[in-house]
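Asks: Model the structure of this input:
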Amino acid sequence: MNIHFIAIGGAAMHNLAIALHLKGNSVSGSDDEIFEPSKSRLAKYDLLPEKFGWFPEKLTTSIDAVILGMHARIDNPELLRAKALNLPIFSYPEYLYEQSKDKIRVVIGGSHGKTTITAMVLHVLQQLGYAPDYMVGSKLDGFEVMVRLSKEAKIMVLEGDEYLSSPIDRRPKFHLYKPNIALLSGIAWDHMNVFPTFDNYKEQFAKFIELIEKEGTLVYAASDDNVVELVKERREDIKAFAYRACDSIIKNKQTFIVFEAKRFALKVFGDHNLQNINGARYICQALGVKPIDFFNAITTFPGTSNRLELVGKNEKTTIYKDFAHSPSKLKATTTAVKEQFKNSRLLACMELHTFSSLNKAFLSQYANAMDKTDIPIVYYNPKTLEHKKLVPISIKEVKQAFANDDLIVFTDTDELQKFLLRQNWQNMNLLLMSSGNFGGMDYNALSKKILEVQN
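Replies: Okay, here's the model as predicted:
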């Protein structure tokens, strides 16, 4: 098939383009800007556009399908040309469904943990010799691309994002997949720019449950009251299985799962990861995997990029980075590090970077989110507020919102780094949490300086 991508440079879009290319399709695409790592990865497969911009002449009647990314606008000249030619136009979740409608579809949804749980499921299935198709929101160790599509796979594992599908399809992505087996990890208000109230946001997950195929399976987090409430209202034909954190112990700063009197050493830690593992276990059991085989396989799971990812360490200090930015994620991630390193102090920095986190109406959701931290720090860049066309917020308003008297607020990257380098890092760990990078902070360079200061 001849497939054209409008906005090919997006994280999900470029991976789908590569997957379809590897499947033997003829793939073309356009974008007005493409950043790393998308740029290099597209170039590797000869899919990088020769010039940046929009070129309607690329759209001809020889195109079998057009895949439209969220980065494109509704008046995009290539989109208008595709409509004029009456070409089939898909959002990328729509096209993933088209590629998987004859397979067993496993969809991992929820406000948090979905990338990690999807990665865990894929890791175990790969270790046990399965070869599923998949789409996951982060580059994984042992997987060449974030999307795999094949003719022979009987299973498709999909990370179910609740954000919108495309400029002309305002449905949440996970509404398009129609799972046979689904998981809901939790519901914590996010994407305020799209879902203005919590009730509106919660409705999207209720719809997700409704869209589970007949006689389907739903795995859900028993610790989340909002999820439990929705599960009670499910159709009678949907089988439901609740999960909580695995039984575990911590010895010498390492976490072990305890199952049937056996211990399984993990490379990850934290109660949220122990919950994620159990959720992944129930998904794999629904696919026919025995629990003991699952736990043996999960011991080699290395974690997910930007999810409690190790930046550097020595005997006295460990430095992690994490994608956490929502209130629930801040609480889970800071608690995990404190419990794993009980005898060490924790300095945690988080960046207000997303539309929701920088919105005055949402800020109060962060109350007590950093209370597990010995030295809590919040950073935000006033220019980001201007760029997102949001009402300015003050340092005082941020402190009030977090309801923590010890909170320190920075709005300048250099000042934040100077503060970090002045600290006594003996028996203290650093946690950097952001969906951005603190205004251009080089985590590796900072880590090296902090660890060198101690020598």
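
Asks: separation between the residue nearest to Met192 when sequence neighbours are not counted and Phe438?
Replies: Ranked by C-beta to C-beta, 6 or more residues apart in numbering and with sequence neighbours excluded, the top spatial neighbour of Met192 is Ser356, at 3.9 Å. C-beta: built from backbone N, CA, C; applies to glycine. Taking C-beta to C-beta, to the nearest Å as the measure, Ser356 falls 18 Å from Phe438.

Asks: Repeat that for Asn180.
Replies: According to C-beta to C-beta, Asn180 and Phe438 sit 41 Å apart.

Asks: helix, strand or coil for the residue nearest the centre of the chain?
Replies: Centroid check for the chain by C-alpha atoms, centre = their mean gives Thr115 as the closest residue, at 4.5 Å. Reducing the assignment at Thr115 to three states with DSSP: H, G, I helix; E, B strand; the rest coil gives helix.

Asks: Now do the strands in the stretch 101-250 of the chain.
Replies: Counting by DSSP state E, counting those that start in this stretch, the stretch 101-250 of the chain has these strands, from start to end: 104-109, 133-135, 147-148, 155-160, 164-166, 169-172, 181-184, 217-221, 239-243, 248-251.

Asks: Name every strand pairing with the fourth one and say which way it goes.
Replies: For strand 155-160, sheet partners with direction are given as strand 104-109 (parallel), strand 133-135 (parallel), following DSSP bridges.

Asks: now the third one
Replies: Its sheet considered, strand 147-148 pairs with strand 133-135 (antiparallel) by DSSP bridges.

Asks: Can you give the distance of the partner strand from its chain's centre?
Replies: Here strand 133-135 shows a centroid-to-chain-centroid distance of 15 Å under the convention C-alpha atoms, centre = their mean, to the nearest Å.

Asks: Asn180 and Phe438 - which one has more neighbours?
Replies: A side-by-side neighbour count of Asn180 and Phe438, using other C-beta atoms under 10 Å, places Phe438 first with 23 against 20.

Asks: right, and that one touches Val378 too?
Replies: No: judged on C-beta atoms under 8 Å, Phe438 makes no contact with Val378 at a distance of 10.8 Å.

Asks: Identify the contacts common to these two.
Replies: Both Phe438 and Val378 are contacted by 349, 351, under the criterion C-beta atoms under 8 Å, 6 or more residues apart in numbering.

Asks: so where's the protein uncertain?
Replies: Applying pLDDT under 70 to the chain picks out residues 454-455.

Asks: Now with 80, please.
Replies: By pLDDT under 80, the weakly predicted segments of the chain are 137-144, 190-193, 305-306, 453-455.

Asks: Can you check which helix is longest in it?
Replies: Ranked by residue count and defined by DSSP state H, the top helix of the chain is helix 271-286.

Asks: Run through the neighbouring helices and strands of that helix.
Replies: Packing partners of helix 271-286 (3 or more C-beta pairs under 8 Å, 6 or more residues apart in numbering; DSSP states H and E): strand 104-109, helix 114-127, strand 181-184, strand 217-221, strand 239-243, strand 254-259, helix 291-298, helix 327-340.

Asks: of all those, which lies closest to Glu144?
Replies: helix 114-127 (11.9 Å; C-beta to C-beta).

Asks: ok, how many other residues are close to the nearest residue to Val124 once chain neighbours are set aside?
Replies: What sits nearest to Val124 in space, not counting adjacent residues and going by C-beta to C-beta, 6+ apart, is Ala297, at 4.3 Å. Ala297 has 19 neighbours, counted by other C-beta under 10 Å.

Asks: how far away is Ala297 from Gln126?
Replies: To Gln126, Ala297 is 9 Å away according to C-beta to C-beta.

Asks: what number of residues lie near the nearest residue to Trp189 once chain neighbours are set aside?
Replies: Spatial nearest neighbour of Trp189, chain neighbours left out: Phe198 (4.6 Å); criterion: C-beta to C-beta, 6+ apart. Phe198 has 15 neighbouring residues, counting by other C-beta under 10 Å.

Asks: okay but Leu22 is in contact with Asp133, surely?
Replies: No: using C-beta under 8 Å, Leu22 is not in contact with Asp133, being 11.6 Å away.

Asks: Find residues that contact each of those two.
Replies: Counting by C-beta under 8 Å, 6+ apart, the residues touching both Leu22 and Asp133 are Leu149.

Asks: Next up, the contacts around Met192.
Replies: Here Met192 is in contact with 355-356, 359, 361-362 (C-beta under 8 Å, 6+ apart).

Asks: and the protein, what are its domains?
Replies: What the record gives for the chain is the domain set 2-87, 95-298, 309-453, from automatic domain parsing.

Asks: mind listing the strands for the stretch 351-455 of the chain?
Replies: For the stretch 351-455 of the chain, the strands defined by DSSP E, counting those that start in this stretch cover 375-379, 408-410, 428-433.

Asks: And those: which comes nearest Gln285?
Replies: Gln285 sits nearest to strand 428-433 of all the strands of the stretch 351-455 of the chain, at 32.3 Å, using C-beta to C-beta.

Asks: So for that closest one, what gets flagged as buried?
Replies: Of all the residues in strand 428-433, those buried under the rule 16 or more other C-beta atoms under 10 Å are 428-433.

Asks: Which elements pack onto it?
Replies: Judged by 3+ C-beta pairs under 8 Å, 6+ apart, strand 428-433 is in contact with strand 318-322, helix 327-340, strand 345-351, helix 443-453.

Asks: Adjacent strands (with direction) for the third one?
Replies: This points to strand 345-351. Using DSSP bridges, strand 345-351 pairs in its sheet with strand 375-379 (parallel), strand 428-433 (parallel).

Asks: Out of those strands, flag the one nearest Phe143.
Replies: Smallest distance to Phe143 across those (C-beta to C-beta): 24.8 Å, for strand 428-433.

Asks: For that closest one, C-alpha coordinates in PDB please.
Replies: C-alpha atoms of strand 428-433 as PDB (Å, rounded to 0.1, in the frame of the first residue of the first chain):
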ATOM      1  CA  MET A 428      20.900  12.100  50.200                       C
ATOM      2  CA  ASN A 429      19.300  11.200  46.900                       C
ATOM      3  CA  LEU A 430      18.100  13.400  44.100                       C
ATOM      4  CA  LEU A 431      14.800  12.900  42.100                       C
ATOM      5  CA  LEU A 432      14.200  15.100  39.000                       C
ATOM      6  CA  MET A 433      10.500  14.900  37.900                       C
END
